[in-house]
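> show me how the following folds:
(one chain, ligands or ions: 1)
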Amino acid sequence: MDKTIVTVTMNPAVDIQYVVPDFRPGRWFRASEVDRSAGGKGINVSIILQQLGYESAAMGFLAGFSGEYIRDTLRRLKLTTNFVNVIGESRTDVYIVDEVGHIETGVAEAGPYISDEALHRFMKNFDRILSRARLVYLGGSLPPGVPQDAYKDLILRCKEAKVPVFVDAFGPALTAALEGVPRVVKFDHRFLFSTLGYPMGDLDDVLELVSKIHDSGVEWSVTTYRAVGNIFYTPEGIYLVDIEREEKEQMVSLLAIGDALMAGLMVALLENMDVEKAIRFAQACSLEDTLHVKKGIRGRDMVESLMPKILVEKLD
Ligand SMILES: O=P(O)(O)OC[C@@]1(O)O[C@H](CO)[C@@H](O)[C@@H]1O
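Next up is the predicted model:
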């Protein structure tokens, strides 16, 4: 049997995006457009991988009516799923896209409680699927009940099975995950400063902090910097990556752009693209996702057509 990519979403969500032109808090609005979708970072990555032509198995926990909605949506997309059912209700996350300023406002729920027994069942399923995994992605917040070192635990299991891991998380879950030394990590520059106990600084400070993390053995990282630019730390040096201004002006929604980027980077590394092409491909996936309200990308050809719009500067 062919090896598969595995995505883990411990805390899936029904994502609702409302387009509300001129949105302001404290007033009453009607949405001019709605996009309702199955979400949570790993689920988004699985959907985008499929749009790029790659199969994956999506794992995590689902609960209640919203859990059924997510399961049903993924089945209709013909995605392989392996979710543990838990009591309660999977969360709903609401996003408001201001058409005028492209400002995104979001509210995320905490998610259902995960019992020790449910977590144990998940770990058993994970160990089973790991034997046929070629790459594992871990993404998003941990729901109540899941210990903050859960990602670290999963990374160590992957290491034993010699399966590379991509991580996109925040706060204590990411701090613990770094102890497991995943292969690829996505950071927000604010995380770096707060975790390492530094006051917010400039680009040089970000680079110094990222480099410290790479001393531990993390191979690749992508750190969000400024509104949409990214710092790519790669085995061949550090790159500052941005997008042409005309393209930035076309952006509509920023929801899940990090997930599109990570899915793109996975494909790039699986296809052994050279470093600069891999960066362009990943960032173009992210850019494509911003150009419409509907989450995800409109196809690999669209992504490839955007690659020349990515500005890549090698820093050292
Ligand atoms: O609360 P988390 O798990 O950190 O983030 C959840 C979330 O914002 O991440 C995805 C976009 O990246 C959305 O599908 C989802 O609603």
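> who in this protein is up against the ligand?
Neighbours of the ligand within the chain, by Cβ under 6 Å from any ligand atom: 11, 13, 15, 39-41, 44, 93, 108, 140-141, 255-256, 258-259. Every C-beta, even on glycine, is put in place using the N, C-alpha and C of the backbone.
> which residue is nearest the centroid of the protein?
For the chain, the residue nearest the mean C-alpha position is D259 (3.2 Å; Cα atoms, centre = their mean).
> can you list the domains in the protein?
With domains defined by automatic domain parsing, the chain comprises 1-146, 219-316.
> so can I have TSV of those showing distance to G171?
Listed next are these as TSV, based on distance: least, Cβ to Cβ, whole Å:
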stretch	distance to G171
domain 1-146	8
domain 219-316	15
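> please, where are all the strands along this protein?
Assigned by DSSP state E, the strands in the chain fall at 4-9, 13-19, 33-39, 56-63, 80-86, 91-98, 103-107, 133-139, 165-168, 184-188, 220-225, 229-234, 237-243, 310-314.
> show me the contacts for the closest residue to L203 other than its chain neighbours.
Leaving aside its sequence neighbours, L203 sits nearest to Y225 (Cβ to Cβ, 6 or more residues apart in numbering; 6.9 Å). Neighbour list for Y225: 189, 203, 206, 231, 240 [criterion: Cβ atoms under 8 Å, 6 or more residues apart in numbering].
> hmm, L240 and the fourth one touching each other?
Yes. Using Cβ atoms under 8 Å, I231 makes contact with L240 at a distance of 6.0 Å.
> before we move on, back to that, of the residues of the chain next to the ligand - the most surrounded one?
The most neighbours of any of the residues of the chain next to the ligand, using other Cβ atoms under 10 Å, belong to G40, which has 33 neighbours.
> quick one: contacts for that residue?
9, 11-13, 60, 70, 139-140 are the contacts of G40 under Cβ under 8 Å, 6+ apart.
> buried residues, stretch 185-193. List them.
Neighbour counts over stretch 185-193 (16 or more other Cβ atoms under 10 Å) mark 185-187, 189, 191-193 as buried.
> for this protein, which segments count as helices?
Counting by DSSP state H, one finds helices in the chain at the ranges 41-51, 64-76, 116-130, 150-160, 171-179, 189-195, 203-214, 245-249, 257-270, 275-290, 300-306.
> just these: most buried one?
Ranked by mean neighbour count, those are led by helix 41-51 with a mean of 27 (mean count of other Cβ atoms under 10 Å).
> quick one: that helix to helix 275-290, angle?
Taking axes from the mean of the first three to the mean of the last three Cα atoms, to 10 degrees, helix 41-51 and helix 275-290 form an angle of 100 degrees between their directions.
> elements contacting helix 41-51?
Packing partners of helix 41-51 (3 or more Cβ pairs under 8 Å, 6 or more residues apart in numbering; DSSP states H and E): strand 4-9, strand 56-63, helix 64-76, strand 133-139, helix 257-270.
> now the angle from it to strand 4-9?
Per the same axes, to 10 degrees, the angle that helix 41-51 makes with strand 4-9 is 150 degrees.
> which residue does the stretch 151-300 of the chain have closest to the ligand?
Taking Cβ to the nearest ligand atom as the measure, the point where the stretch 151-300 of the chain comes nearest the ligand is A256, at 4.2 Å.
> what residues are up against that residue?
A256 touches 15, 39, 41, 44, 48, 289, 295-296, counting by Cβ under 8 Å, 6+ apart.
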